[in-house]
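K.L.:
build me a structure from this.
(chains A and B)
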Amino acid sequence: MSTEQQPRTTSSVSRRNFLRLSGAGLGAAAAPSLLAACSSNDSTTSKATTAKGLEGVKPVQLGALDSGVRYPAGYVGPTARKIPRIHDGSKTFKIVVPQNAESIGDWNKNAFTKWFEERTGVKVEFEAVLTFNPDGSQDLTKINAMLASGDLPDAFLAIPFTTSQVSLYGQQGLFVAIDDYVQTYAPHTLQSFKDYPDWRPQLVAADHKLYQLKTLADCFHCRVSPARAYVNKKYVEAVGGAIPTTTDELRELLKLLKAKDPTPKHNIIPFAASVGNAIDRYIMSSFLYSPGGDRNGGWMRLNNDKLEFVADKDEWREALRFLRQLSDDGTFGREVFTMTNDALLAAGNQGRLGFVRGYSWAVFIDIAETGEQPWRDYVPVLPLKGPSGTQYASWDYYNYNGWSSLVITKKCSNPEVLVQWADAQMELEATLSAGLGPRDKGDWGWATAGQKGINGKQAIMYQKQYPPPANISWNNWSINYESNDSRLGLWVDPKNPTFEKDLYDASVGYKKYAQPKEFQLPPLLLDPASASQVADMAASIESHVTQSLAKFAVGEQDINSDGAWNSYVGAFKKIGLSNYLDLYQKAYDKRPK
Amino acid sequence: MGVSTRRRPHVADSTGDRAYYIINYSVLAMFTLSVLYPLVYVLSSSFSRTSAITSGSVKLWPVGLSLDAYKTIWHSPQLVTGFLNSVFYAVAGAIVGTVLTVLAGYPLSRSDLPFRRILTFFFLIPTLFSAGIIPTYLIVRQLGLLNTRWAIILPGAMTVFNLIITRAFYQLSVPKELLEAARVDGASDFRFFVQVALPLSKPIIAVNLLFYAIAQWNGWFSAFIYLTNEHLYPLQLVLREILAQSSVDPSSIQGSNIAELMQKKQLFDKLKYALIVVAMVPPLIAYPFVQKHFIKGALIGSLK
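P.N.:
Numbers count the residues shown, from 1 in each chain, chains lettered A, B, ... in the order given. Next up, the predicted model:
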C-alpha cells in the first residue's frame, strides 16, 4: 500500500470535501481550524495500521458469565457477563448525543444512564443536540458548527456520521484512532469482530484504521425486507386463485383479481407499490440477481470479483417485458411508481390492495396485535420462478450496520476509558437494558427453561411491552451488539405471539432463494478524491434506471423496440458508467479485509 | 399599490362592471377557499381518530371525534415548557427588537444627524452579505451566551428591514416643522422624542412588535444551533424534534426494528395535526388585535 503518499493527497482533498460535506454554513472561519487539524494529522497517519494493543498493558479479558441466563445450542452473539469497574468517577466525560424527548427524555436523568454509571463507574455529562429534519432526514448543522469551531466534547454518541465522514475527520485528526485501545480494552468488540468477520472492514476508514465503535444489529428479516411482497389471501381465495409461485401465475392471478374484484368497494389495485417501496428488487429476482439501488449507487454485483452493472442486461429487458405484459393486461399501472407512502397506507387501510410490495405490513396497513387483524390476511409471496427458471431472493449479507456509533475526539485525554465504556455496552444485559430499560424496572427478564424464542429454540429473554415507558431506555442508541441469535432469542408468548415472529416467519422462506454471497458487492468506502464525481454519476444512474423502468413498464417507451432499448443502454455510456464501475472496482480491490 | 376605498357614485352598474365584479369575487372566493381548506382540514384531522386519518377518510369534517392528540400534548411536559418558552421569547424578542429599532430608526430619520449616510450604510452592510453560521457560532460561544436564553434574543435582535421602514415612517409622519415648533417651546431632543415622536409612532411600534414577535414565534434555528438544554427550547424546536422522531422513511431504515417504526408512525399520525394547531393558534388569535395598526403602519412605511 502507498501509505507514504496517502496523507498528503487525502488531507488536501479532504479539506475541500469537508467544506462540501458540511454544507453552506461553513464559511471562512472553518478553514484555519481545519488546517490545524490537518497538519497534526500527518504524523499520525504514517503509523502501522495493524493493531497490536498498548504496550505494557495486559489486555482486558471477558468477565465471568452470568449464571442465570440460558442460551440455545450453537449460540453466537453477546453474552451476559460481569463487567469490571472501569473508572473511579473522578472525571466527568462530556458526550454529545442526539435529542429524543419521547423515549429517552433527559439523557442525564435517564434510568439506564444511572444504572450504567453505577455499573461502570464512568461519569458522563450528556449534551443533547437535534440531528434530524422534520422529515426524518439528517441535519448535522449543529454538529458541524461544533466541529468547525473547535467546541469539541470528549465523544459523540449516536450522531449519524457516515463512514466516509468518520474516515475523513479521523484522518484529519479530529477523531482518535482506537485500534490499539480496542485490542487491549475491548473484549466484547473483539468478540463481535470474530463472530462477524465482515464487521470491522465495514467500520474502518480509508487508511484502514478504526475511528469508531458501532452498533451491530443483525436483523434477520431486514436482510430481505426491501425484496419482499405480500398478497391478500382472502382475496385470492375469493377469486378462486392460488398464491403465485411463478411469474406466469402472478400474471393470471392479477387478471383474476381485476376481473372479479373482491374488494368491498370494488376498487382494487391489483398490483401496488409506492415511492419508498420500489418493485425492482422483488420483480428482477425472477430474471437475474439485482441488489437494487438508490441515489447513492447500486444495481452493481460481483461476477468473479469483477463488478458488473445489472440494469442494462438482457435479463433486465426480459423483466421489463414482463411488466409491460402486466401493463397491457390492465393490472399494472403508473401508480406503482408514483404512489406516495401515505397513499399506499391509506389504500391498504381501505382494503384496496391485492398484491403489494412492502418493507413490512406496517407500510401498507395498520397493524393491530389484538382485535380485528386484517393485516394477517396478507401473506408473503416468495420469489417467483421466472420464465427461464431464475428465482433469487435479493438477500443483503451485510445489513447489520447499526444506527449508533461512538467517535472519540482529540479533546479526550483518556480515550481508553470511553472505549471500555462503549465496549461494556455490548455486553448482553447492557445491550438489552439500553433498549428496554434496566432489568429491575421490570420490562424484561431472562427466559426460563423451555420457553421458545422467535426461531423456535430456547429463548434468552422475554419482554413485556415494546416500546418501554419513557425515560428508562436509550432507545437502543448505545453501542449495541445484537447478533442474529440474540435477536431471535426473544420469547414468543404462544397466547399472544409478537409481530417479530411473523416477520421472521415471512423471511425464512426467502432465505433458501438467497443469491450466493459472492454475488453481492460489499459496502465500500470510495476514494474521497472521486467521491463527488461518483455521487453525481450515481444520482444520474438512479434517475435513468428508475425513470426508464417506469416508462418501459407502462408502455411509454416500447421495450420490444430495439431502438428504444439501445438508446436506453447507450445513455449509461454518456453518464460515464464504465468510469463509474472502474472507480468502484478500484475501491473494491483496495477494500479492507 | 393601495386599496381604493373611495365611495362610488350611485349609478347603475354597466354589464361590464357586473362581469368584473362576478369574476373578481369568484377569483377571491377561490383564493379564500384555497387558504381556508388546509386550515379546516388540519383542524378536523386533529380531532379525528388516528385510523380515520391513516385510511384517508377525513375530507372536511372530523371523523370519529377524538381528543387523544390534545391529551397527549397536554401531558407532555416538553410541549408545555416549550410553549411557555416561546411566549417568553416572543415577548422579550419583540420588546428588545422594537426598542432597538426605534432607537436607531428615529435618529437616522433626522436630517441634522451628522454622518447620517455613513451610519445608514453601516446598518445596511449585514444585509449585503452575512458571515455564515460558524463565525456567528464562535461569537456567541465567546460571549458565553451558549445555552442561555440570551442566545435566542440577542443575536439578530434587530432587523435592518424593520429599521428602514421605521426610519421612513419617522421621516414622513414627524415633519421637521413639528421639531422646530417644539424647539421654539424649549423642548430638548429627548423630550421631543418621548413626548412627541413616540406618541405619533404607535402604528410603527405595533408593526415592529408584531414582526419581531412572529419571527421569534416561528424561529427555531437559533435555538437549534445555540441551545442544548431542553428546558430552554422554544415550541417550534420541540415540535420539530417530535416530527423528526416520528417520521418514518422505510427505505432509509436499516437493521431497525419494525415495532419501533410502528411506534413512531402511530405517534406521528396521532400528533401531527394537533401540533400544527397548537403552533398556529396563538398568532391567529393575536393577529386581529394588531391588524389595524399593522396595515396602517406597514403602508405608511412603504410609501417612503
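
K.L.:
not counting sequence-adjacent ones, nearest residue to residue B:276?
P.N.:
Closest residue in space to residue B:276, ignoring its immediate chain neighbours: residue B:42 at 5.2 Å, by Cβ to Cβ, 6 or more residues apart in numbering or on different chains. Bear in mind the C-beta positions are built from the backbone N, C-alpha and C, glycine included.

K.L.:
make sure the one you found is actually in contact with residue B:278.
P.N.:
No - under the criterion of Cβ atoms under 8 Å, residue B:42 is not in contact with residue B:278, lying 10.9 Å apart.

K.L.:
more neighbours, these two?
P.N.:
When residue B:42 and residue B:278 are compared for neighbours, residue B:278 comes out ahead with 20 against 16, by other Cβ atoms under 10 Å in any protein chain shown.

K.L.:
contact partners for that one?
P.N.:
Contact analysis of residue B:278 by Cβ atoms under 8 Å, 6 or more residues apart in numbering or on different chains lists B:73, B:79, B:83, B:235, B:239.

K.L.:
out of those residues, who's the most crowded?
P.N.:
Ranking the contacts of residue B:278 using other Cβ under 10 Å puts residue B:235 first, with 27 neighbours.

K.L.:
so the residue nearest to residue B:276 is in which element?
P.N.:
helix B:15-46 (DSSP states H and E).

K.L.:
where are the low-confidence patches of the chain?
P.N.:
Assuming you mean chain A. Flagging of chain A using pLDDT under 70 yields the residue ranges A:1-50, A:369.

K.L.:
the chain in question should be chain B.
P.N.:
Within chain B, the ranges that satisfy pLDDT under 70 run B:1-13, B:246-267, B:294-304.

K.L.:
find the residue at the geometric middle of it.
P.N.:
residue B:214 (2.1 Å; Cα atoms, centre = their mean).

K.L.:
in the stretch 151-300 of chain A, what residue is nearest chain B?
P.N.:
residue A:217 (4.0 Å; Cβ to the nearest Cβ).

K.L.:
all helices in the stretch 201-350 of chain A, in order from the N-terminus.
P.N.:
Taking DSSP state H, counting those that start in this stretch to define them, one finds helices in the stretch 201-350 of chain A at A:233-238, A:247-259, A:280-283, A:314-329, A:335-338, A:341-349.

K.L.:
surely the residue of the stretch 151-300 of chain A closest to chain B and residue A:480 touch.
P.N.:
Yes - Residue A:217 lies in contact with residue A:480 (Cβ under 8 Å); the separation is 6.3 Å.

K.L.:
any idea how far the residue of the stretch 151-300 of chain A closest to chain B lies from residue B:98?
P.N.:
53 Å (Cβ to Cβ, to the nearest Å).

K.L.:
figure out the length between the terminal residues of stretch B:151-160.
P.N.:
End-to-end distance of stretch B:151-160 (Cα to Cα, to the nearest Å): 19 Å.

K.L.:
check stretch A:267-277 too.
P.N.:
End-to-end distance (Cα to Cα), stretch A:267-277: 21 Å.

K.L.:
just stretch A:234-245 next, same as before
P.N.:
End to end - Cα to Cα - stretch A:234-245 spans 17 Å.

K.L.:
output the helices of the stretch 201-350 of chain A as JSON lines; include the columns distance to residue B:245 and mean neighbour count.
P.N.:
Shown next, in JSON lines, are the helices of the stretch 201-350 of chain A (distance: least, Cβ to Cβ, whole Å; neighbours: other Cβ atoms under 10 Å in any protein chain shown):
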{"stretch": "helix A:233-238", "distance to residue B:245": "35", "mean neighbour count": "17"}
{"stretch": "helix A:247-259", "distance to residue B:245": "38", "mean neighbour count": "19"}
{"stretch": "helix A:280-283", "distance to residue B:245": "28", "mean neighbour count": "26"}
{"stretch": "helix A:314-329", "distance to residue B:245": "37", "mean neighbour count": "19"}
{"stretch": "helix A:335-338", "distance to residue B:245": "28", "mean neighbour count": "18"}
{"stretch": "helix A:341-349", "distance to residue B:245": "17", "mean neighbour count": "21"}
